[in-house]
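Participant: got a predicted structure plus its sequence, pasted below:
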Amino acid sequence: MNYQEALDYLRNLTTFGMNFGLDRILKLLELLGNPQKTLKVVHIGGTNGKGSTAAMLSSVLAESGYNVGMFTSPHIHSYRERFRINGEMISRENATALITFIKPLLEKMVQEGYEHPTEFEVNTAMAFKYFQQEAVDLLVLEVGLGGEIDSTNVVNNPLLSIITNVAMDHMDYLGNSIKEIATVKSGIIKENRPVITGVDKVEALEVIEQKSNSLESPLYILGRDFSYQTSSLGPEGSVFTVTGIKDNYPKINLPLLGEHQGKNLAMVLVAVELLQEMGFAKITKDTLLRGLQKVVWNARLEIFKKDPLIIIDVAHNVDGIMTLKDAVENIFPDYQLTLVIGMLADKEREKVVQIIAPLARRIVVTKPLSPRAGNWEQLKFLAEKYCSEVLLEPNIGDALKIALTKVGSLPKEMIIITGSFYMVSEARQWLQENA
């Protein structure tokens, strides 16, 4: 197979849908020689903030001289984004070779009576094999969905686990209450392995504390064992002071935007302190600060362009939209907002609109490129309750043209593009080619 054929093969695996359980991934990994058992792993779960936390930790470790793998999902533009070493995506050649190698193993599984692994299971198996082949010193591993029966949860002995937060999302799969969702996410907690969490909801924290206690896993809770203070928030970045479990970190400059990144940063610093205790001695204050200053995480409160001001953010659930709203009010209080938004049908659209629409001068509703887009036009009628100018344009490129034309060269105007990964990915691609 060439790269395009390999990619098409991988994409076609979506026909196997979402099929929870670990039997298929465990069998596939067995056929691959169980590469996950040879890797040192930091496992990161949570509703929001997983990717930013993974990116920060990976950047610090890479700057400290370690060979660091990072597996995240979904991607924004290319499948290759999911598999990174020291920030560099997997090469087309390596991706093609891995898929070519795995394909007959999938056929063998089906012949032996196993269900065909899903796309994400194959992705995860590829990641473990790739990072084993490249002999990474540590793998920063992001949970795909939930935790307990997520494909990444075949790691039985992580160096440590992080649960960033717990909020309402993917209720069809994870449960209809914070307690139920927390129960699923706490599945990444492993016996006698430390856990760091930024969870602040009492009912979620109770679940995590109970699970940690039952497994005798040391638990470090934001606000109890470590903390952060916000020094400043601005369009150029954020400044936070963190009190860790071992040390203090005054006025750390972070290029990522938003108050919420203080929580993620605090968890990363505690993870670094624990890793230093485990023997990762090359991490120093100097490499820590340099790594944080270099961190990049696209499409998360990303200033894509300054004139006109265009911000891209995959705030695809209520918790994410609250974070976006806070950023608009705290960082850009003097700007008039044009909002371009497209959301999937299985998200809490009404709540999202109620939070963000009152801040907008105008809203352009567009259609995510996904079968789950459903009655995407409903968003327009919901938004009209809070904003007087709401426009409907199914084509994402044309929706962006409308927003850019409306804003023109007027001062103190900004465009925010938000919603599903599908929509944001397409919008960012269009902006790269046209804006």
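Facilitator: Received, thanks.
Participant: which residues does the helix or strand containing residue 60 contact?
Facilitator: Assigned by DSSP states H and E, residue 60 belongs to helix 50-63. Defining contact as CB atoms under 8 Å, 6 or more residues apart in numbering, one finds that helix 50-63 is touched by 42, 44, 46, 68, 70, 72, 84, 86-87, 137-138, 140, 142-143, 162, 164, 254, 256, 261, 264-265, 267-268, 271-272, 275, 280, 283, 287-288, 290-292, 294-297, 300. Yep, even glycine has a C-beta here, placed from its N, CA and C like the rest.
Participant: now the residues you listed: which count as buried?
Facilitator: Among the contacts of helix 50-63, those classed as buried by 16 or more other CB atoms under 10 Å are 42, 44, 46, 68, 70, 72, 84, 86, 137-138, 140, 142-143, 162, 164, 254, 256, 261, 264-265, 267-268, 271-272, 275, 280, 283, 287-288, 291-292, 295, 297, 300.
Participant: shaky segments in this structure?
Facilitator: 16-18, 170-174, 176, 346-347 (pLDDT under 70).
Participant: from residue 90, how far out is residue 126?
Facilitator: Residue 126 is 9 Å from residue 90, where distance means CB to CB, to the nearest Å.
Participant: find the residues that touch each one of the two.
Facilitator: In contact with both residue 126 and residue 90: residue 83, using CB under 8 Å, 6+ apart.
Participant: contact partners for the nearest residue to residue 234 once chain neighbours are set aside?
Facilitator: Spatial nearest neighbour of residue 234, chain neighbours left out: residue 331 (6.3 Å); criterion: CB to CB, 6 or more residues apart in numbering. The contact partners of residue 331, taken as CB under 8 Å, 6+ apart, are 233-235, 257-258.
Participant: filter those residues down to the buried ones and hand me the ChimeraX line.
Facilitator: A single ChimeraX command selects the buried members of the contacts of residue 331 (16+ other CB under 10 Å):
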select :233,257,258
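Participant: out of the contacts of residue 331, which is nearest to residue 396?
Facilitator: Set against residue 396, the nearest of these by CB to CB is residue 257 (23.3 Å).
Participant: what about that closest one, distance to residue 416?
Facilitator: Counting by CB to CB, the gap from residue 257 to residue 416 is 12 Å.
Participant: how does this protein divide up, domain by domain?
Facilitator: Domain assignment for the chain by automatic domain parsing gives 3-293, 302-434.
Participant: distance between the ends of the last one?
Facilitator: Looking back up the chat, that one is domain 302-434. One end of domain 302-434 sits 18 Å from the other (CA to CA, to the nearest Å).
Participant: again, but for stretch 5-21
Facilitator: Terminal residues of stretch 5-21 lie 28 Å apart, using CA to CA.
Participant: before we move on, what about stretch 236-255?
Facilitator: Chord length of stretch 236-255, first to last residue, is 7 Å (CA to CA).
Participant: in that stretch, what counts as buried?
Facilitator: By neighbour count on 16+ other CB under 10 Å, the buried set for stretch 236-255 is 237-244, 249, 252, 254.
Participant: and the closest residue to residue 83 other than its chain neighbours, how many neighbours does it have?
Facilitator: Excluding its sequence neighbours, the residue lying closest to residue 83 (CB to CB, 6+ apart) is residue 90, at 4.0 Å. By the measure other CB atoms under 10 Å, the count of residues near residue 90 is 24.
Participant: one more: residue 43?
Facilitator: By the criterion of other CB under 10 Å, residue 43 has 25 neighbours.
Participant: hang on, it in a strand?
Facilitator: Yes - looking at residue 43 with DSSP: H, G, I helix; E, B strand; the rest coil, it is inside a strand.
Participant: and stretch 144-156, how far out from the chain's middle?
Facilitator: Put simply, stretch 144-156 sits 15 Å off its chain's centre (CA atoms, centre = their mean, to the nearest Å).
Participant: extract the C-alpha trace of that stretch and format it as PDB.
Facilitator: The C-alpha coordinates for stretch 144-156 follow below in PDB (Å, rounded to 0.1, in the frame of the first residue of the first chain):
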ATOM      1  CA  GLY A 144     -10.000   8.500  23.600                       C
ATOM      2  CA  LEU A 145     -13.500   8.300  25.200                       C
ATOM      3  CA  GLY A 146     -14.300   7.700  28.900                       C
ATOM      4  CA  GLY A 147     -11.600   5.600  30.500                       C
ATOM      5  CA  GLU A 148     -12.600   2.200  31.900                       C
ATOM      6  CA  ILE A 149     -13.200   0.400  28.600                       C
ATOM      7  CA  ASP A 150     -11.400   2.800  26.300                       C
ATOM      8  CA  SER A 151      -8.800   1.200  24.100                       C
ATOM      9  CA  THR A 152      -5.900   3.000  25.800                       C
ATOM     10  CA  ASN A 153      -6.800   1.400  29.100                       C
ATOM     11  CA  VAL A 154      -4.800  -1.700  28.400                       C
ATOM     12  CA  VAL A 155      -1.900  -0.100  30.200                       C
ATOM     13  CA  ASN A 156      -1.900  -1.800  33.600                       C
END
